[in-house]
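Novice: Fold the stuff below for me.
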Amino acid sequence: MNLVAAILAGGKSSRMGTDKAMIRLEPDGPTLIELVLDRVGAVADQSIIIANDRPRYRSFGVSVASDHYADAAALGGIATALELASGDPCLVVPCDLPFLSIDLLSHLRSLASNADVVIPTVRGESRQGSGVIYQTLHAIYGSDCLPSIRAQLASGQRQIVRFFDQVRVSAVPEQVARGFDPELWTFFNVNTPEALSRARSWAKKGREDTTPDISSGML
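Specialist: This is a model prediction of the structure:
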């Protein structure tokens, strides 16, 4: 089974005020998207950047494709990734997760042959009221998800988890994820100036000095 990593870089970065993908945690360090590419590249067989501003990302040495559903938020990005993957499952992550756990991603891959969605969860309140938050942009989606996603997009629904009851979902509990990444930095989005400050503190001092906020992620 081949695994395609799809990095979503089509957001407007409105909360950050600048292009998140090109931010550096350290002055001479790699950009956020380079950090993401490095980590997913250790797990996936191929990487694709999905971005509407394609020329901006062509220097990173991987395929760059336009979002087929530019007005459909992250769900459209997932659909685009699956359409480009030609039947292979896709690990879908955004461009602002610089601390991705390679070990956890490898574990997700090990489960992908027996599920249509392999997705970590953390404890918390979600719109489903189930007491868990799905980390929807830190997950593997199989090709069998595509018909349900397309139907959902056609109906104007963009909430990612809405189609989960139509496919086989393997939810990875928080305690399992913590076995690979005890502080769950793998889910930390650098999507606000405050988050960037914390991420830079991590990079400078080490993650044992800082605790991330992983309360977001369920779309």
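
Novice: any idea where the strands of the chain begin and end?
Specialist: Per DSSP state E, the chain carries strands over the ranges 4-8, 46-50, 63-65, 90-94, 117-123, 132-134, 139-141, 169-172.

Novice: okay, these in JSON lines with mean neighbour count next?
Specialist: From N, CA and C alone the C-beta is placed, and that goes for glycine too. Listed next are these as JSON lines, based on neighbours: other C-beta atoms under 10 Å:
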{"stretch": "strand 4-8", "mean neighbour count": "26"}
{"stretch": "strand 46-50", "mean neighbour count": "21"}
{"stretch": "strand 63-65", "mean neighbour count": "17"}
{"stretch": "strand 90-94", "mean neighbour count": "24"}
{"stretch": "strand 117-123", "mean neighbour count": "22"}
{"stretch": "strand 132-134", "mean neighbour count": "22"}
{"stretch": "strand 139-141", "mean neighbour count": "26"}
{"stretch": "strand 169-172", "mean neighbour count": "17"}
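
Novice: Show me the one of the ones you listed that comes nearest Thr80.
Specialist: Using C-beta to C-beta as the measure, strand 46-50 is the one of those that comes nearest Thr80, at 5.4 Å.

Novice: quick one on the thing from earlier: need the strands of the chain in CSV (columns: distance to Lys204).
Specialist: What follows is the strands of the chain, written out as CSV (distance: least, C-beta to C-beta, whole Å):
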stretch, distance to Lys204
strand 4-8, 25
strand 46-50, 28
strand 63-65, 31
strand 90-94, 23
strand 117-123, 26
strand 132-134, 28
strand 139-141, 30
strand 169-172, 30
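
Novice: got a markdown table for these, with mean pLDDT and distance to Leu75 too?
Specialist: Below are these laid out as a markdown table (pLDDT from 0 to 100; distance: least, C-beta to C-beta, whole Å):
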| stretch | mean pLDDT | distance to Leu75 |
| --- | --- | --- |
| strand 4-8 | 98 | 11 |
| strand 46-50 | 97 | 12 |
| strand 63-65 | 95 | 16 |
| strand 90-94 | 98 | 10 |
| strand 117-123 | 97 | 13 |
| strand 132-134 | 94 | 13 |
| strand 139-141 | 99 | 10 |
| strand 169-172 | 98 | 15 |
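
Novice: Val36 contacts Ala9, correct?
Specialist: No - the criterion here is C-beta atoms under 8 Å, and Val36 misses it with Ala9 at 9.1 Å.
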